[in-house]
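Chemist: I'd like to go over a predicted model; first the sequence, then the structure.
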Amino acid sequence: MRLSELQVGDKAEVTGLEVEGSVRRRLLDMGLISGTRFKVLRVAPLGDPVEIFFKGMYLSLRKSEAEGVLVSKQGRIGDSLPMGRQLYRRRKQGGVL
Amino acid sequence: MTQLTEITVALAGNPNCGKSSLFNALTGSHQKVGNFSGVTIEKYEGYVDFKGYRIRFVDLPGTYSLTAYSPEELVTRHYLAMEHPDIVVNVIEGPNLERNLLLTTQLMEMEVELLVALNMYDEVEAQGMEIDVKQLQQLLGCHIIPTSAKARQGLDRLLDHIVRVYSGEIQIRKNKLAFRPEIEDAVKAVQAEIRHEPALDGRKYRWMALKLLENDREIYREVHQSPVWLKIERILQQAMETTGKLYQADPEILITEDRHALIRGAMEECVRMPEARKRSLTDYIDAVVLNRIIGLPVFFGVVWLIFHMTFTLGTPLMDALDQLFTSIALWVSPLLTNEMLRSVIVDGVIAGVGGVLVFLPNIILLFIGLSFLEASGYMARAAFVVDKVMHRFGLHGKSFIPMITGFGCSIPAIMATRTLKSPSDRLATIMIIPFMSCGAKLPVYVLLAGAFFPPAVAANVMFGIYMLGVLLGLLTALLLKSTILEKESEPFVMELPPYRWPTLSSVLFQSRVKAMMYLRKAGTVILLAVLLIWTASNFPKSAAIERDLALETARIEATVLDEEAKALELTAVENRASAAQLEYSMAGRTGKLIEPVIRPLGFDWRIGIALVTGLAAKEVVVSTMGTIYSLGDVDEEDTELKNILKHDPAFDQATALSLMVFVLLYIPCVAAIGVMKKEVGSWRPVLLYSSYALTVAWVFSFITYNVARLIL
């Protein structure tokens, strides 16, 4: 599934990036790496771009850029799953840290 | 007084981390603004004297990361790697510690002497967030000082730490960021190769190796010429294969992931977030401001407000300045007996300086508004709201506000494009701003539409002219983006920073900087050009015309007895003489010279003159026409000029429309050209733009003229 296919209110986790060059770099720098959990907050009044929220940051991106972000949908609106902690747990289990 | 020892400190941090406020709070009034070499990114420098040292701060542009993709990142990197500041202070937005730490890890990789200012610490405490500063300090291997620029807390402690770190009084065990073994192996191997290259002597080997693994373009450009590149390339290839097999990812991603993993770990160990995240102020404001239904109305309301503040408040000030210069001219002219000298000083210098200065109120007001929007966090939201439309024309959401500002005046609008990060977006926006019909073009429309159309139609004609400008501007952007300019604009991955009340000092500072920039750089170009146009419309002087004028005057003085009639006739004679003089001058000759070119548009040489002098400022078109028609000084409300135009056989509705279109589209005033040159950095694009604008103006006037003649 791709970020661009999510609905407003959905929570999801990044599973990978399918873009190249500067867009990919920007997404990585903003923290959209595998394991980041975010919530889709809203779509702009004209239908593009979208706004997501994770790790205390409000981030907006065009649908064309959101298409390059692979996600897996987990949780629903209002559930108590913490956002953005999956990566840390996985690393801890894997023993890389 | 003895010379103070200087410590150079670079301030680095994310956008919106409060870096500029901290810079202002630290340096007070000892600031100067320049540019980083080769780019139009402002470089703020300031100093403060502290405990026998002069601490010189350089405020680097805000960046999220240190890759080589944006000019800001390149400038920051270049400064850190090449200028070797004594200490780098990494300013961190406390409430968003986690995201801000990414830059910190990259600064650690650059092996600079690092100090962290944990800014907005008062907000951290207010939110109930707990940060174990000591622990974090040990993990990162650098001193961390909680500060708050707004509340002026921790500033002295920061200065004290700078001095003590500089003098070696306090030290901390540096920590090296360790990546996963596969990456570390590759880094070590590449590092060993770089060491063999004498051309790279003294550089930061580990950092370069890491950057090469991240496919960094700049470092690649530096290294790939070297003989060691062959070996390095093989190592990189191998690393790619290994990581691909193990993790199904390339080193670039893994390096970033490891940085985030370290940050994640640090966050887990040192930071306790409040139990439940409350809906913040930002959430509440955005629920309204970015709402699907009222988001756009709110946006237009804000734009309207800024526009009105700038021009409704600015116009009286502008008029007052104009008045001031007129009175100075009136006061000075009787003092100068030499006619020639008087003309130079009054019509040339005073009018010229006045012409530059009148724009100041608008510039200052607009930038007070814009820096408020930028610092409060709304600017990014504005871009978010309109991006879809702008993107369709190859522009960025952020292009909208400069574009709208262009309806008031192109000069502040062109300067406002600095919020655009990608050079190609910025250039495209600058080039379409003059198509937005500015305030100075309005008098021309009022005169022509008023003279040739009944009031009800005149308003529609004017609206049509404005719309034509917008349409052609957007199409121009599309054309530029699909031909000469890089199509790929700045990726729209943009933070919407939390709303904050901006500090007054930083808002005022920004507008002061813009005002100074305008005066210093553009002022010289503009003044020169105004003087040039003045010379062109006054020289050469015809002795014959002056002799005739003297003869006529003498004749009237002698023959006409009635005082009132005498005065009237004298003015008429003088006006005729200045019309003849203008025709004889260089501007007049240019008008005649270009007549064959503008004939197909319905213009004769007189309009040609007005177009030439209109380069000084668009409203001059009206006053020049007054002079040409021997009416002396007139403005657009002058009924006599309207009547004369209406009855002039060379003028009809088609000509009027054609002239309005031409004035809308042809080259903007010299002031705007001066600022444009300053902002794009070279003449080439400006000349290119000018010839494009002239062509477009000619073509559309031609079409307008001929279509209008068929229909009307």
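Modeler: All right, it came through fine.
Chemist: Find me the pLDDT at B:Ser630, would you?
Modeler: Here the pLDDT value assigned to B:Ser630 is 59.
Chemist: And the one 4 residues further on, by the same measure?
Modeler: At B:Val634 the predicted local distance difference test score is 63.
Chemist: Okay, now the unreliable bits of chain A?
Modeler: A:75-97 (pLDDT under 70).
Chemist: Which residues of it lie near chain B?
Modeler: Within chain A, the positions lying close to chain B (Cβ under 8 Å from any Cβ of the partner chain) are A:16-17, A:22-23, A:25-31, A:33-34, A:41-49, A:51, A:55-62, A:65, A:85, A:87-88, A:91, A:96-97. Heads up, the C-betas are built off the backbone N, CA and C, glycines and all.
Chemist: Just to be sure, which of those are found in strands?
Modeler: Members of the residues of chain A next to chain B lying in strands (criterion: DSSP state E): A:Gly16, A:Leu17, A:Leu41, A:Arg42, A:Val43, A:Glu51, A:Met57, A:Tyr58, A:Leu59, A:Ser60, A:Leu61.
Chemist: In space, what's closest to the fourth one - neighbours in sequence excluded?
Modeler: When you say that, I think you mean A:Arg42. In space, and not counting its chain neighbours, A:Arg42 is closest to A:Glu51: 5.1 Å by Cβ to Cβ, 6 or more residues apart in numbering or on different chains.
Chemist: who does the one you found bridge with?
Modeler: A:Glu51 has these beta-bridge partners by DSSP bridges: A:Arg42, A:Ser60.
Chemist: Let me see the contact set for it.
Modeler: By Cβ atoms under 8 Å, 6 or more residues apart in numbering or on different chains, A:Glu51 lies in contact with A:Val40, A:Leu41, A:Arg42, A:Val43, A:Ala44, A:Tyr58, A:Leu59, A:Ser60, B:Leu290, B:Phe384, B:Leu496.
Chemist: Filter the residues of chain A next to chain B down to the buried ones and hand me the ChimeraX line.
Modeler: Remark: buried members of these, expressed as a ChimeraX selection using 16 or more other Cβ atoms under 10 Å in any protein chain shown:
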select /A:17,22,23,25,26,27,28,29,30,31,33,34,41,42,43,44,45,46,48,49,51,55,56,57,58,59,60,61,62,65,85,87,88,91,96
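Chemist: Which residues of the stretch 351-500 of chain B lie near chain A?
Modeler: Proximity of the stretch 351-500 of chain B to chain A (Cβ under 8 Å from any Cβ) is limited to residues B:380, B:384-389, B:391, B:488, B:491-498.
Chemist: can you rerun that using 7 Å?
Modeler: B:Phe384, B:Val385, B:Asp387, B:Lys388, B:Val389, B:Pro491, B:Phe492, B:Val493, B:Met494, B:Glu495, B:Leu496 (Cβ under 7 Å from any Cβ of the partner chain).
Chemist: so where's the stretch 1-150 of chain B shaky on pLDDT?
Modeler: Where the stretch 1-150 of chain B drops to pLDDT under 70, the residues are B:1-2, B:37-40.
Chemist: Could you report the neighbour count for the residue in it positioned nearest to chain A?
Modeler: With Cβ to the nearest Cβ, the shortest gap between the stretch 1-150 of chain B and chain A falls at B:Ser65, namely 3.8 Å. Neighbour count of B:Ser65, defined by other Cβ atoms under 10 Å in any protein chain shown: 21.
Chemist: so it, which of the three states?
Modeler: coil (DSSP: H, G, I helix; E, B strand; the rest coil).
Chemist: Can you tell me the closest non-neighbouring residue to it?
Modeler: Using Cβ to Cβ, 6+ apart and skipping the chain neighbours, the partner closest in space to B:Ser65 is A:Asp29 (3.8 Å).
Chemist: so the one you found touches B:Tyr64, yeah?
Modeler: Yes. Using Cβ atoms under 7 Å, A:Asp29 is in contact with B:Tyr64, at 4.9 Å.
Chemist: For the stretch 201-350 of chain B, what lies in contact range of chain A?
Modeler: B:253, B:256-257, B:260-261, B:264-265, B:268, B:282, B:290, B:292, B:295-296.
Chemist: Which members of the residues you listed are the farthest-apart pair?
Modeler: Checking these against each other with Cβ to Cβ, the farthest-apart pair comes out as B:Gly265 and B:Leu296, at 43.4 Å.
Chemist: Give me the phi and psi for the residue nearest the centre of chain B.
Modeler: In chain B, the residue lying closest to the centroid (Cα atoms, centre = their mean) is B:Met415, at 2.8 Å. In terms of degrees, to the nearest 10, the main-chain angles of B:Met415 are phi -70, psi -30.
Chemist: What is the neighbour count of B:Asp201?
Modeler: Residues near B:Asp201, counting by other Cβ under 10 Å: 8.
Chemist: Report the separation between it and A:Ala12.
Modeler: 49 Å (Cβ to Cβ, to the nearest Å).
Chemist: How about B:Ile41?
Modeler: Between B:Ile41 and A:Ala12 the computed distance is 36 Å (Cβ to Cβ).
Chemist: Which of these two has more residues huddled nearby?
Modeler: The neighbour comparison of B:Ile41 against A:Ala12 (other Cβ under 10 Å) goes to A:Ala12, with 25 against 18.
Chemist: residue boundaries of the helices in chain A?
Modeler: Applying DSSP state H to chain A gives helices spanning A:21-29, A:63-66, A:86-94.
Chemist: quick one, the first one and strand A:57-61 angle?
Modeler: Right, helix A:21-29. Interaxial angle, helix A:21-29 versus strand A:57-61 (axes from the mean of the first three to the mean of the last three Cα atoms, to 10 degrees): 160 degrees.
Chemist: Let's see helix A:21-29 as CSV, backbone CA atoms only.
Modeler: The C-alpha coordinates for helix A:21-29 follow below in CSV (Å, rounded to 0.1, in the frame of the first residue of the first chain):
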residue,chain,number,x,y,z
GLY,A,21,17.1,11.5,-5.8
SER,A,22,16.2,14.6,-4.0
VAL,A,23,12.7,13.5,-3.0
ARG,A,24,14.0,10.4,-1.4
ARG,A,25,16.7,12.3,0.4
ARG,A,26,14.1,14.7,1.7
LEU,A,27,11.8,12.0,2.9
LEU,A,28,14.6,10.3,4.7
ASP,A,29,15.8,13.5,6.3
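Chemist: Give me the residues contacting that helix.
Modeler: Under the contact criterion Cβ atoms under 7 Å, 6 or more residues apart in numbering or on different chains, helix A:21-29 has outside partners A:17, A:19, A:65, A:68-69, B:64-65, B:67, B:69, B:102, B:253, B:256, B:491, B:493.
Chemist: among the residues you listed, who's most crowded?
Modeler: When neighbours are counted as other Cβ under 10 Å, the busiest of these turns out to be A:Val69, with 27 neighbours.
Chemist: quick check: longest helix of chain B.
Modeler: helix B:295-332.
Chemist: And the ones in strands among the residues of chain A next to chain B, which two are furthest apart?
Modeler: Largest separation among these by Cβ to Cβ: A:Gly16 and A:Arg42, giving 24.4 Å.
Chemist: For whichever strand or helix holds B:Leu115, which strands pair with it and how are they oriented?
Modeler: Per DSSP states H and E: B:Leu115 is located in strand B:114-119. Its sheet considered, strand B:114-119 pairs with strand B:87-93 (parallel), strand B:143-146 (parallel) by DSSP bridges.
Chemist: chain center to the first one, what's the gap?
Modeler: Same thing as strand B:87-93. 26 Å (Cα atoms, centre = their mean, to the nearest Å).
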